[in-house]
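kindly generate the corresponding structure for this input.
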Amino acid sequence: MLKEDQQKQICAHLFKLLRPNYVDVPKKTAKLLHAPVNLSEISQKMDEEANKKIEWMKTEISTNYGMAPKSTRPVEADPGQAERNIKILPNAATFVKRRNKGNRVRDIQLKEFDIHMAGKLLLSNATLNLVYGRKYGLVGRNGIGKTTLMRQLSLRELPIPDMDILHVEQEIIGDDTIALESVLQADVERNELLEEEKKILAAKPKEGSQEESRLNTIYSQLADIDADKAPAIASSILAGLGFTTEMQGNTTKSFSGGWRMRLALARALFCQPELLLLDEPTNMLDIQAVLWLESYLRDKWKGTVLVISHDREFLNTVATDIIHFQEKKLAYYTGNYDTFEVTRTERLLNQKRAFESQTAQKAHIQKFIDKFRFNAKRASLVQSRLKKLSKMAPIPAVMEDPNFAFSFPTPDMLRPPVIQFTEVSFGYKPEKILFPKLNFSFDMESRVALVGANGQGKSTILSLICDEVKPRSGYIFRNARMRIGKFSQHHVDQMPLDKTPIEFLQRDYPGKDLQTYRDMLGRYGISGDMVFQKNNSLSGGQKSRVAFAHIGMKQPHIIILDEPTNHLDIETVDVLAQALNEFEGGIILVSHNERLISLVCDELWIVSNGTVVPARHDFEAYKKKLLGAFQ
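Numbers count the residues shown, from 1 in each chain. Next up is the predicted model:
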């Protein structure tokens, strides 16, 4: 072991070697400190100073999602970004409107990044490109990671430039704030100026005083931001989303969760963030509000939109680009959803042809190599072929999502009418009758879509048909042999989570052999080990398929569907439509999905103002009529 003097000599020699160009540094007088240096305290003070330059917004979102960037290359940023306050604004409940955004980067360009969730790799070596002002539809099979990617963006767990981001994910908190005011509150600058104006006026400032001068400045600032127009803009947005003038004056606590989600969406549209993130926005809306939102985003929205939606028509109207999430990659297509399908089909066909051509070419070369591998005269040719084979860039085989089909059992025929309403009146309270007089009938050939604004009673009509509620007066005839299969989100939510799909069917339809239950689940894409998984481990779309299998076990004459598409991806909606078209019984549908209505139903019944009236026109004409009301 070296002595202490030897250790000091070695350290001094190393110190000298490490000096730039071995230049001697003049000695400095040592300073005696009054107390020891506390490095952790210094670090804490530095953090506090840094935090003073950041404006933090309170948020109720928490997550454990993780992202591991593969590249350390920085995202392009505005040179002045470090001198600006940065706001973390992830959701509509806490978002505030920000003006004077300046000339800053508003495009997102991320390269070579991964996203993991719960130890599972969702995206690998992916690229994300979002150009300001474009509207992107993010599509892919359920459970692939679309929502996780969106949350990564909203929580800024991806290295994106400083910009306003709003993720419409949480509903507005219910309190005594009126609906219109809850939207206007997002404009903090306007509210602060109005509050200051109110205080100065209450103090009755004297002419020529400093307060009067400040008041004139406030009036000028309010004029600059068009403060007087804000209530009309907010009211117009709320009206488009289905809020009547009376509803706009109600407190937020008086609304259901679905309506408070609409308030969150209204606040988002009013705030005009640079990047708006929408995850299945049409789930909470009726058809009229969906059509209004399509029109608003297409014609009036100036910022960037990234939307996840199972509604093909919504994406066809709104999207300028489609991002396809598949095989842990993001692929980009210019155009709406229909254009994406055509382009993707062409790409896959070209890729398949190229793969088959290369496979045949490789086989031909390999055959030559195998034949002459040990022939000395052909050694140079064999080496040439081996080199050519090694230099071939591999073309991947076409990886398509697995296809599946739904299939509802064929019922025995019943003579019409199967269901008939005669002078039926109904109200949840005797003093408030919702439907004073209903007269209509259904049979096994009926394909009816009930349409109308939310709150008009479409779901109530379905409950009357299924004998879940009783009429106040009148008579409802139901064929004694008729079996009804009803799908609603309530039934999906009430599914026993501690049971497997097979146990669920066994509970409600006992006495069948195991294969019968497996066959029925298999009709709706629930097969293999999935039939033995607990329902709480299934995705929303998988639970919906189990619910369809539950309907199938009943072998219904009439299938009633109340918003069946909420947890289905676009491909599965088309699969459902095909199965319903092949079904030989009657169908009664309540849905905001334009495509499903168009593909399945040949009758349109309008529920409005206590009446149910068959439309004189088809669904396209009905859409045009609704769109005309927005003009």
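
quick one: contacts for R385?
I365, F368, I369 (Cβ atoms under 8 Å, 6 or more residues apart in numbering). For the C-beta atoms, the positions are set from N, CA and C on the backbone; glycine is no exception.

only the buried residues of the helix or strand the first one falls within, if you could.
Take DSSP states H and E as the rule and I365 turns out to sit in helix 337-372. Neighbour-count burial for helix 337-372, counted by 16 or more other Cβ atoms under 10 Å, picks out Y337, F340, E341, R344, I365, I369.

mind putting those into a markdown table with distance to K625?
Output for those, formatted as a markdown table (distance: Cβ to Cβ, whole Å):
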| residue | distance to K625 |
| --- | --- |
| Y337 | 24 |
| F340 | 29 |
| E341 | 29 |
| R344 | 34 |
| I365 | 65 |
| I369 | 70 |
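
what's the helix or strand for I322?
Under the assignment here (DSSP H and E), I322 is part of strand 321-326.

follow-up on the earlier one: same for the helix holding I365, what does it pack against?
Other elements packing on helix 337-372 under the criterion 3 or more Cβ pairs under 8 Å, 6 or more residues apart in numbering; DSSP states H and E are strand 135-139, helix 312-318, strand 321-326, strand 329-334, helix 379-391.

look up how far G610 lies from K429.
Going from K429 to G610 by Cβ to Cβ, to the nearest Å gives 14 Å.

which of these two has more neighbours?
G610 (16 against 8; other Cβ atoms under 10 Å).

I'd assumed F426 was in contact with the more buried one.
No - counting by Cβ atoms under 8 Å, G610 stays clear of F426, with 9.6 Å between them.

joint contacts of the two?
I433, L434, F435.

go through the helices and strands packed on helix 337-372 and name the closest to S357.
helix 379-391 (14.7 Å; Cβ to Cβ).

of the contacts of R385, closest to E196?
Using Cβ to Cβ, those come closest to E196 at I365, 80.5 Å.

dump the residue contacts of the closest one.
Contacts of I365 (Cβ under 8 Å, 6+ apart): R385, K388, L389.

put together TSV for these, with pLDDT on each row.
Putting these into TSV (pLDDT from 0 to 100) gives the following:
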residue	pLDDT
R385	84
K388	84
L389	83
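
show residues contacting the host helix or strand of K437.
Assigned by DSSP H and E, K437 belongs to strand 435-442. Strand 435-442 is contacted from outside by 416-427, 448, 457, 460-461, 464-465, 474, 558, 586, 588, 605, 610-612, using Cβ under 8 Å, 6+ apart.

give me the sheet partners of the strand holding I322 and which way each runs.
strand 135-139 (parallel), strand 329-334 (antiparallel) (DSSP bridges).

single out the most deeply packed of these.
strand 135-139 (a mean of 24; mean count of other Cβ atoms under 10 Å).

so which elements touch the helix or strand following that strand?
Scanning forward in sequence from strand 135-139 by DSSP H and E, the next helix or strand is helix 146-154. Contact analysis of helix 146-154 by 3+ Cβ pairs under 8 Å, 6+ apart lists strand 108-117, strand 120-130, strand 135-139, strand 165-168, strand 275-279, strand 304-308 as its packing neighbours.

winner for burial among these?
Buried most deeply of those, by mean count of other Cβ under 10 Å, is strand 165-168, with a mean of 26.

distance from that strand to the middle of the chain?
11 Å (Cα atoms, centre = their mean, to the nearest Å).

domains of this structure?
53-191+229-327, 340-391, 419-630 (automatic domain parsing).

export the ones you listed to TSV and tack on distance to A397?
TSV is the format used below for the domains of the chain (distance: least, Cβ to Cβ, whole Å):
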stretch	distance to A397
domain 53-191+229-327	11
domain 340-391	5
domain 419-630	20
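
related to what we said a few turns ago, turn the helices and strands packed on helix 146-154 into JSON lines, including mean pLDDT and distance to L626.
Listed next are the helices and strands packed on helix 146-154 as JSON lines, based on pLDDT from 0 to 100; distance: least, Cβ to Cβ, whole Å:
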{"stretch": "strand 108-117", "mean pLDDT": "91", "distance to L626": "34"}
{"stretch": "strand 120-130", "mean pLDDT": "92", "distance to L626": "31"}
{"stretch": "strand 135-139", "mean pLDDT": "96", "distance to L626": "21"}
{"stretch": "strand 165-168", "mean pLDDT": "90", "distance to L626": "23"}
{"stretch": "strand 275-279", "mean pLDDT": "94", "distance to L626": "21"}
{"stretch": "strand 304-308", "mean pLDDT": "96", "distance to L626": "21"}
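
JSON lines for those, including distance to R378?
Compiled in JSON lines, the helices and strands packed on helix 146-154 are given as follows (distance: least, Cβ to Cβ, whole Å):
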{"stretch": "strand 108-117", "distance to R378": "44"}
{"stretch": "strand 120-130", "distance to R378": "41"}
{"stretch": "strand 135-139", "distance to R378": "52"}
{"stretch": "strand 165-168", "distance to R378": "64"}
{"stretch": "strand 275-279", "distance to R378": "62"}
{"stretch": "strand 304-308", "distance to R378": "58"}
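
out of those strands, which gets nearest to S256?
Per Cβ to Cβ, nearest to S256 of the helices and strands packed on helix 146-154: strand 165-168, 16.8 Å.

tell me what the very next helix or strand once past that closest one is packed against?
For strand 165-168, the following helix or strand on the C-terminal side (DSSP H and E) is helix 179-184. Counting contacts by 3+ Cβ pairs under 8 Å, 6+ apart, helix 179-184 is packed against helix 230-240, helix 245-248, helix 257-271.

tell me the most buried of the ones you listed?
The most buried one of those (mean count of other Cβ under 10 Å) is helix 257-271, showing a mean of 22.

which residues of the stretch 301-450 of the chain score low on pLDDT?
398-403 (pLDDT under 70).

hmm, back to that, got a markdown table for the contacts of R385, with distance to M247 too?
Shown next, in a markdown table, are the contacts of R385 (distance: Cβ to Cβ, whole Å):
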| residue | distance to M247 |
| --- | --- |
| I365 | 72 |
| F368 | 78 |
| I369 | 77 |
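
can you tell me which of those residues is closest to N581?
For the contacts of R385, the nearest to N581 is I365 (49.3 Å; Cβ to Cβ).

ok, now which ones touch L138?
K146, L149, M150, L306, V307, I308, I323, F325.

surely the first one meets H324?
Right, K146. No - counting by Cβ under 8 Å, K146 does not reach H324; the two are 10.4 Å apart.

can you tell me the closest non-neighbouring residue to the residue nearest in space to the middle of the chain?
For the chain, D279 is the residue whose C-alpha lies nearest the centre (Cα atoms, centre = their mean; 1.5 Å). Among residues not flanking D279 along the chain, I308 sits closest, at 4.8 Å (Cβ to Cβ, 6 or more residues apart in numbering).

now the strands for the stretch 501-631 of the chain?
Assigned by DSSP state E, counting those that start in this stretch, the strands in the stretch 501-631 of the chain fall at 558-562, 586-590, 603-608, 611-614.

could you dump those strands into JSON lines with mean pLDDT and mean neighbour count added?
Formatted as JSON lines, these follow (pLDDT from 0 to 100; neighbours: other Cβ atoms under 10 Å):
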{"stretch": "strand 558-562", "mean pLDDT": "96", "mean neighbour count": "23"}
{"stretch": "strand 586-590", "mean pLDDT": "96", "mean neighbour count": "24"}
{"stretch": "strand 603-608", "mean pLDDT": "94", "mean neighbour count": "18"}
{"stretch": "strand 611-614", "mean pLDDT": "94", "mean neighbour count": "15"}
